[in-house]
Each structure stands twice: as C-alpha cells, then as structure tokens.
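In: Next come a sequence and a model predicted from it.
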Amino acid sequence: TKDDFNMIKNMQVTYFGMPLAIVGLSVAFKLASNYRMEGYDFEVVSDVWFEVFAVVGAVVFALMLVLYGLRAVMFPGKIATEWDCPLRSPSFGLITITFMLLAFVFYDEIDEGEFEENTRGKEFA
C-alpha cells in the first residue's frame, strides 16, 4: 500500500537507466556543440546544454548510487535476487556504462582547466 512504500527497499538496478539516458543526451549535445559547418560561423548547439545535462545526470546518478548502496547494506538478499533474475541482471551494466559516459563528458572540462592553470603567464615558442 501507499503507507508501506520504502524508497530504499524498492530501489531497482533498472532505475539506473534514467541517469544513463540523461548523460547520453549530454553526450549527444557535446558532440553537436563541437560540430562546425564549413563556410558558416555559428554554433549548432551551445556548450551550456551539454554541461547542464551532464551535471543533472551526475547528480541523479550519485543519488541513485547512494540509495542502491543503502539497499545493498540493508537488503542484500534483494540484490542477490536481482542478480539471479534473467531480466534484471543485464541492467547491472548500466552503472559502469554511466560512469564511462560521465568520464567522456567531463574529460575535456577537467583537461582544459588544468591546461589553463599550467600555462597561465607562459609563452610558447
């Protein structure tokens, strides 16, 4: 019933498809923001869009990791049941795929920041 709902107990591994979709949209916007047409001087998509979706996806992913971690501690039998289920067990890959997509999205942002800090005030020949 409605009163018996427990967010941690009812958390499923298939829910990790939500942050995966948000981060996947961020990847699409990132690739589109890097696209330039010859002869035209305009952006197809602004960089702001992929950054917003990346941050939202990372926050949702972190929240779900916390909830699923609590579920692993409080209800380990439920996770074992999910692992044995032929329909839900492939969804465990969603966690690692989301990590990889987040690394792809945030890599340039981290790299540019380090480059600017290391090269500030230096001249190149």
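Out: On my side now, so go ahead.

In: elements contacting the host helix or strand of Ala32?
Out: Using DSSP states H and E, Ala32 sits in helix 17-33. If contacts are counted by 3 or more Cβ pairs under 8 Å, 6 or more residues apart in numbering; DSSP states H and E, helix 17-33 sits against helix 47-74, helix 93-119. For the C-beta atoms, the positions are set from N, CA and C on the backbone; glycine is no exception.

In: buried set for it?
Out: If you call a residue buried by 16 or more other Cβ atoms under 10 Å, then helix 17-33 has these buried ones: Pro19, Leu20, Ile22, Val23, Gly24, Leu25, Ser26, Val27, Phe29, Lys30, Ser33.

In: can you tell me which of the residues you listed lies nearest to Val60?
Out: Pro19 (4.4 Å; Cβ to Cβ).

In: From Leu25, how far off is that closest one?
Out: Separation of Pro19 from Leu25 (Cβ to Cβ, to the nearest Å): 11 Å.

In: shared neighbours of those two, anything?
Out: Common contact partners of Pro19 and Leu25 (Cβ atoms under 8 Å, 6 or more residues apart in numbering): Gly57.

In: before we move on, the earlier item: what angle separates the helix holding Ala32 from helix 47-74?
Out: Relative orientation of helix 17-33 versus helix 47-74 (axes from the mean of the first three to the mean of the last three Cα atoms, to 10 degrees): 160 degrees.

In: which other residues reach helix 17-33?
Out: With contacts defined as Cβ under 8 Å, 6+ apart, helix 17-33 is touched by 43-47, 49-51, 53-54, 56-58, 60-61, 64, 91, 94, 97-98, 101-102, 104-105.

In: Sort out which of those residues are buried, if you could.
Out: Counted by 16+ other Cβ under 10 Å, those give 49-51, 53-54, 57-58, 60-61, 64, 91, 94, 98, 101-102, 105 as buried.

In: Of the helices and strands packed on helix 17-33, which shows the lowest average pLDDT?
Out: Ranked by mean pLDDT, the helices and strands packed on helix 17-33 end with helix 93-119 at the bottom, a mean of 75.
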